[in-house]
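Asks: the following block contains a protein sequence and its predicted model.
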Amino acid sequence: MTCQYKRQKSKTTGRLITVQIYSFFVSEVKTSMFLTAFLTFFVIICSILSFLYHRNFNYWTRFKNVPSVPGRIFSGNVIDFLTFKTNFGFHLKTIYDDEKFTSAPVVGVYGLYKPSLLIRDPDIIKSVLIKDFDRFHDRFAKIDYHHDPLGGQMMLFADYPLWKEMRTKLSPTFTSGKLKNMYPLIQQVGENMVKFLDSKPSVFQVEVKDLCARFTTDVIATTVFGFQSNSLANPAEDFYKQLRLLNYFTWRRSFDFIIVLFASQLTRIMGAKILYPETEHFLRSAITQAVREREACIGGEKRNDIIDTFVKLKQEAEQRGERNIEQLMECLIAQAGIFMVGGFDTSSTTMSNALLELAKDTSVQKKLREETKEAFVEGNGEISYEALNKLTYLEMVINETLRLYPVLAVLERQHATAGGKEPYSLQPYCDFNLPDGMPVFIPVFGLHYDTKYWSNPKKFDPERFSPENKPLINPMVYLPFGNGPHNCIGSRLAMMQVKAGLFYILKDHLVRVCDRTELEPTFDPKLNALQVKGGIHLEIVKDE
Ligand code: HEM
């Protein structure tokens, strides 16, 4: 019995050992398979990274004639921008200012993953923006049209030839004749500003960026959307809320903008969009309704705004028998969108930056207010379009504000080797041929502060733009509205609304710094446009 038990026990133990050896063997095999798979994966990833690094992030080391900033894998040179430590314009200024590059015409940099060229030399800037436009007719930033039809068709992002078609159709809207007709609409908003200021105590503190944003909101409503809003009196207005939303950056929207700016090929896969769905809905319904109402007006009411132009373009297309009117309307709505994005924040930022500098420099403010008062007296309490344009000192103040605070601090284009042409050579400035698709950056912020072109560049000095001094400025080192065929289509409208806004504020009031004023402002790193962080707080004082 004991023997049988012992035999059985030893049999069971034997089986157990066999099972254990087997499991050990299987688990060893599994582990080694896992290890092999892991190692293979690791080697593949390393090879891809090494390939990418050598192809993209090591690109500039192959061109000894082009001084460059070393690139980091995956972030290129833009890690501080990606982590919201700095604004992109400020970041490129730091590279522009670097002592290593002071005599370099161009500097090799890296976008997110793409080798790109930063241009320092004004002659090369002129070639890119104007002389060789046929090689640089697109921007690098773009958005997939199929995924985002509104964003993709906006003039700022659309590629040739759609851009050209829209630019040609809409340029006549911004001639000085058309702006003169539009001016009474802006005057009305100016009168609202006067009423608003008159309703306040004789001394009050205000965040002037918000005040100016309300003014430009009402200007955009009346000139672009064809209706009157009064967000000065009522900041809860829906239109004002819509425009404020444009400047509201969630993580997702910031991410989308990074993709649009640096990796436009990925906009579709990543689902990047320019506008929030809510804004798109608003744009489509507001413009469609405004066009419909204007068309329905007997005799065709004319307001001399941009809706008039849209109606004219639509009717012309219908007369030509064009079938795709809906497509045209979608394209026009996209342009209304870029006028809204481009016209609102840029102008209000410029206005408020000017007020900050005027509050800091009382002698400049005094001189400007004398000019405005004189014009007002001469116009018997009115300021005509012609009189506004004759205010030379006001224009000098705005020009100098735009030098110190260029709202769009970087211009960019993409090189295209159109139709099998020769590679684009940078000779005689530099021995380098631009490959197809290379992005080029023009560091406007850096150029505006370069001591080579501006004496004491940090000083606010409107005299730089006096009628005697202005012709001496090289237009390629002063680029607040860009230059060449892609320049800002709304620059004249922008100047008109900034001039009118400042005029109506300063007519009976002066601005003063107060305990909340940041005298040396810093810029918000989360925004693409150059904007003072934390707002601009000033005191407004009644002084007729
Ligand atoms: C102070 C106000 C403004 C500033 C500083 C400003 C600045 C600029 C700059 C720097 C560009 C790029 C130019 C280039 O790449 O060469 C631009 C483009 C553009 N801006 Fe403005 N802008 C202002 C106001 C406006 C207004 C009021 C509108 C329209 C109502 C507008 C509409 C546009 C459009 C549509 C483009 C794209 C033009 C194209 O690619 O053909 N901007 N702006």
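Replies: Thanks, I have it.

Asks: what helix or strand is the closest residue in space to S466 that isn't next to it in sequence on?
Replies: Spatial nearest neighbour of S466, chain neighbours left out: M396 (6.1 Å); criterion: CB to CB, 6 or more residues apart in numbering. Every residue, glycine included, has its C-beta placed from N, CA and C. For M396, the element it lies in under DSSP states H and E is helix 392-404.

Asks: do the same with V260
Replies: For V260, the element it lies in under DSSP H and E is helix 251-262.

Asks: quick check, that helix touching the ligand?
Replies: No - Helix 251-262 lies out of reach of the ligand by CB under 6 Å from any ligand atom, never closer than 13.3 Å.

Asks: before we move on, back to that, wait, the residue nearest to S466 sits on E463?
Replies: Yes - between M396 and E463 there is a contact under CB atoms under 8 Å: 7.2 Å.

Asks: before we move on, the earlier item: show me how far the helix or strand following the helix holding M396 is from its chain's centre.
Replies: The C-terminal neighbour of helix 392-404 among helices and strands, as given by DSSP H and E, is strand 411-414. What separates the centre of strand 411-414 from the centre of its chain is 12 Å, taken as CA atoms, centre = their mean, to the nearest Å.

Asks: elements contacting strand 411-414?
Replies: Judged by 3 or more CB pairs under 8 Å, 6 or more residues apart in numbering; DSSP states H and E, strand 411-414 is in contact with strand 439-442.

Asks: what's the strand it packs on in contact with?
Replies: By CB atoms under 8 Å, 6 or more residues apart in numbering, the residues outside strand 439-442 that reach it are 92, 109, 111, 114, 116-119, 125, 128-129, 136, 140, 410-415, 434, 479.

Asks: which neighbours does that strand have in its sheet, and in what orientation?
Replies: In the sheet, strand 439-442 lines up against strand 115-119 (parallel), strand 411-414 (antiparallel) (DSSP bridges).

Asks: got the buried residues for the longest one?
Replies: Yep, that's strand 115-119 we're talking about. Residues 115-119 are the ones in strand 115-119 that count as buried (16 or more other CB atoms under 10 Å).

Asks: which ones are touching L246?
Replies: Per CB under 8 Å, 6+ apart, neighbours of L246: 275, 279, 340-341, 344-345.

Asks: ok so, going back, number of residues surrounding the residue nearest to S466?
Replies: The number of residues packed near M396 is 23, by other CB atoms under 10 Å.

Asks: again with S264
Replies: S264, neighbours per other CB under 10 Å, totals 20.

Asks: how about M166?
Replies: Around M166 there are 21 residues (other CB under 10 Å).

Asks: and what of I125?
Replies: Neighbourhood size, I125 [other CB under 10 Å]: 25.

Asks: what does the protein put close to the ligand?
Replies: With CB under 6 Å from any ligand atom as the criterion, the chain comes near the ligand at residues 155-156, 167, 338-339, 342-343, 346-347, 350, 407-408, 411, 480-483, 486-490, 493-494, 498.

Asks: now, these that are in helices?
Replies: 167, 338-339, 342-343, 346-347, 350, 493-494, 498 (DSSP state H).

Asks: highest neighbour count among the residues you listed?
Replies: In terms of neighbours by other CB under 10 Å, these top out with V498 at 28 neighbours.

Asks: surely that one meets A354?
Replies: Yes - counting by CB under 8 Å, A354 is a contact partner of V498 at 7.3 Å.

Asks: pull up the overlap in contacts between those two.
Replies: When CB under 8 Å, 6+ apart defines a contact, the residues bordering V498 and A354 alike are I398.

Asks: what segments of the protein are strands?
Replies: In the chain, the strands defined using DSSP state E lie at 106-110, 115-119, 203-207, 411-414, 424-425, 433-434, 439-442, 509-513, 537-542.

Asks: with distance to L527 added, can I get these in TSV?
Replies: Supplementary listing: the strands of the chain in TSV, determined by distance: least, CB to CB, whole Å:
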stretch	distance to L527
strand 106-110	21
strand 115-119	21
strand 203-207	16
strand 411-414	16
strand 424-425	32
strand 433-434	30
strand 439-442	18
strand 509-513	24
strand 537-542	19
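
Asks: among those strands, which comes closest to N304?
Replies: The minimum distance between N304 and the strands of the chain falls on strand 509-513, with 29.4 Å, by CB to CB.

Asks: report the inter-axis angle for that closest one versus strand 537-542.
Replies: Counting by axes from the mean of the first three to the mean of the last three CA atoms, to 10 degrees, strand 509-513 lies at 150 degrees to strand 537-542.

Asks: which residues are contacting strand 509-513?
Replies: Outside of strand 509-513, the residues within contact range by CB under 8 Å, 6+ apart are 197, 208, 355, 358-360, 365, 369, 505, 519, 538-543.

Asks: what's near enough to touch D148?
Replies: Going by CB under 8 Å, 6+ apart, D148 touches 267, 272-274.

Asks: P480 touches L447, doesn't it?
Replies: No - using CB under 8 Å as the test, P480 is too far from L447 to be in contact (10.6 Å).

Asks: and those two? which has more neighbours close in?
Replies: More neighbours surround L447 than the other of P480 and L447, with 26 against 22 (other CB under 10 Å).

Asks: grab the nearest non-local neighbour of that one.
Replies: L447 sits nearest to V477 (CB to CB, 6+ apart), 4.7 Å away.

Asks: how much space separates the one you found from the ligand?
Replies: Look at V477 and the ligand: by CB to the nearest ligand atom, to the nearest Å, they are 14 Å apart.

Asks: list the contacts of that residue.
Replies: So V477 contacts 122, 447-448, 450, 453 (CB under 8 Å, 6+ apart).

Asks: does Y96 touch D121 like I think?
Replies: No - with contacts counted by CB under 8 Å, Y96 stays clear of D121, the gap being 11.4 Å.

Asks: quick one: which of those two has more around it?
Replies: The residue with more neighbours, out of Y96 and D121, is Y96; 23 against 16, by other CB under 10 Å.

Asks: what about the spatially closest residue to the more buried one that is not a sequence neighbour, distance to F140?
Replies: Of all residues beyond its chain neighbours, the one nearest Y96 is G446 (2.9 Å), with distances taken as CB to CB, 6+ apart. Per CB to CB, to the nearest Å, G446 is found 18 Å from F140.

Asks: show me where pLDDT drops low in the stretch 251-400 of the chain?
Replies: Applying pLDDT under 70 to the stretch 251-400 of the chain flags residues 298-301.

Asks: ok, which stretches of it are helices?
Replies: 251-262, 267-270, 277-296, 306-319, 325-360, 362-378, 385-389, 392-404 (DSSP state H, counting those that start in this stretch).

Asks: go through the fourth one and flag the buried ones.
Replies: Think helix 306-319. Buried residues in helix 306-319, counting neighbours by 16+ other CB under 10 Å, are found at 306-311, 313-314, 317.

Asks: report the mean confidence score over stretch 203-222.
Replies: Stretch 203-222 shows a mean pLDDT of 94.

Asks: and the pLDDT for D80?
Replies: Looking at D80, its pLDDT is 74.

Asks: and the nearest residue to it once chain neighbours are set aside, what does it touch?
Replies: Excluding its sequence neighbours, the residue lying closest to D80 (CB to CB, 6+ apart) is T86, at 4.5 Å. By CB under 8 Å, 6+ apart, the contact set of T86 is 80, 94, 525.

Asks: one step back: could you dump the strands paired with strand 439-442 into TSV and include distance to K470?
Replies: Formatted as TSV, these follow (distance: least, CB to CB, whole Å):
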stretch	distance to K470
strand 115-119	24
strand 411-414	21
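
Asks: let me have these in JSON lines, extended by mean pLDDT.
Replies: Below are the strands paired with strand 439-442 laid out as JSON lines (pLDDT from 0 to 100):
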{"stretch": "strand 115-119", "mean pLDDT": "95"}
{"stretch": "strand 411-414", "mean pLDDT": "96"}
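
Asks: return a ChimeraX selection command for the buried portion of the contacts of V477.
Replies: Buried members of those, defined by 16+ other CB under 10 Å, are picked up in ChimeraX with:
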select :122,447,448,450
